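Q: how would this look folded up:
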Amino acid sequence: MKLYLFSTPSCKPCANLKSYLDSNNIEYTVKDAIQDMELSMQYKVRGTPTLILLNSKSEVISSAVGFTTPEQKDKVNVIISLFNKS
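A: Next up, the predicted model:
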């Protein structure tokens, strides 16, 4: 499995999510949601940050948008838990 984090340079919640993932030693790939528009469209990215968990066939297993509310943070933690089980 792999994790993609779709971000933009001016997105403060994106920076917060990056720091959170880094502090938890989570391996992920950052994609610029604007510059990598084709991939953003493929995965239906509608806002940033968007964290997407993919299987070995690059199919979406789970995704989360945002990192400001407790609900959004809970969703991110569910994705991290799934990722760590792989």
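Q: how about the strands of the chain, start to end?
A: Under the criterion DSSP state E, the chain carries strands at the ranges 2-7, 29-32, 50-54, 60-65.
Q: so for the first one, what's the average pLDDT?
A: Per-residue pLDDT values over strand 2-7 give a mean of 98.
Q: what of the shortest one?
A: Over the span of strand 29-32, the pLDDT mean works out to 97.
Q: export that strand to CSV, keeping only CA atoms.
A: Provided in CSV are the C-alpha atoms of strand 29-32 (Å, rounded to 0.1, in the frame of the first residue of the first chain):
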residue,chain,number,x,y,z
THR,A,29,4.4,10.9,-1.1
VAL,A,30,3.5,14.5,-1.5
LYS,A,31,1.7,15.5,-4.7
ASP,A,32,1.0,19.1,-5.6
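Q: who touches that strand?
A: Outside strand 29-32, the residues within contact range by CB atoms under 8 Å, 6 or more residues apart in numbering are 2-9, 18, 39-40. C-betas here are computed from N, CA, C, even on glycine.
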